[in-house]
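Undergrad: Sequence first, predicted model second:
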Amino acid sequence: MKAISLLLAYTLTTLFSGSAGLTHNEPQKTATWSSAASATRRLDHDANIETKYDGFNHETVVTLKKMSVTCGSAKGFQSTLKNTCVSLQASLHCPGVQLDYVRYAKLELVFEAKDWDARHPFDERELVVVADGGQLKLGRMALAKQAMDTDRLVDVMKEVLEVSVPYQTFNRIARAQIVAMKVGKTMFELKETNLAALRDLNNRVKP
């Protein structure tokens, strides 16, 4: 895995070495989102992970694309997840063109339900994670999106909450064997496939 990461870092450096020196005086050379690598799905988690260089923010972002956690209910949490689907997305943000140092990680939770009342009001967005028995209070999640989407001719409330955390915190979550999350009154446990995907994401960098 380290050899693969080194090869990826070399490829990124080769492809985008000129973009870091862009100035406002050279608008014709402004870098845009450019895909550097895209991993195929693995058998142990069936999720997509991709690496991109963001020339506008001068950072390399490794992203675990949206993957399902649970839909409708979850063992032990039936009352809090009734008729609600939960998905997870995560990203690691590395300054410049490198994968040796992660500035921060971002976690996104997507809630989809037919009931508009399933939304999380402002005072019910505190994210608490329990990783292998240790409690991590990650603060209040920000509202990234809240709207009604039409899915198969049925209106579905879609709410996206996000929070940025230090890499050390993400690393602790990614290495855990059992992870449960709570947002307000909503509680759920990550599946084995979710944990495998987070570990795979974590292995793409080498701080």
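TA: Thanks, I have the structure now.

Undergrad: What is the burial count for the nearest residue to residue 145 once chain neighbours are set aside?
TA: Of all residues not flanking residue 145 in the chain, residue 160 sits nearest, at 4.1 Å (CB to CB, 6 or more residues apart in numbering). In this view, the C-beta of every residue, glycine as well, is placed from N, C-alpha and C. Counted with other CB atoms under 10 Å, the neighbours of residue 160 add up to 19.

Undergrad: partner strands of whatever helix or strand residue 160 lives in, parallel or antiparallel?
TA: Applying DSSP states H and E as the criterion places residue 160 in strand 154-165. Strand 154-165 has the following strand partners under DSSP bridges: strand 104-113 (antiparallel), strand 142-151 (antiparallel).

Undergrad: Lowest mean pLDDT across those strands, which one is that?
TA: Lowest mean pLDDT within the strands paired with strand 154-165: strand 142-151, at a mean of 78.

Undergrad: per-residue confidence at residue 83?
TA: 75.

Undergrad: ok, now the one 5 residues further on?
TA: Note for residue 88: predicted pLDDT of 97.

Undergrad: What is the neighbour count of it?
TA: 23.

Undergrad: got it, and residue 187?
TA: Residues lying near residue 187 (other CB under 10 Å) number 17.

Undergrad: tell me the phi and psi of it?
TA: Per-residue torsions, residue 187: phi -130, psi 140 (degrees, to the nearest 10).

Undergrad: all strands of the chain, in order?
TA: 34-38, 49-54, 59-71, 84-95, 104-113, 126-131, 134-140, 142-151, 154-165, 179-183, 186-189 (DSSP state E).

Undergrad: quick one: contacts of the fifth one?
TA: Among residues not part of strand 104-113, those counted as contacts by CB atoms under 8 Å, 6 or more residues apart in numbering are 66, 83-93, 118-120, 127, 138, 141, 144, 149, 151, 156-167, 169-170, 181, 183, 186.
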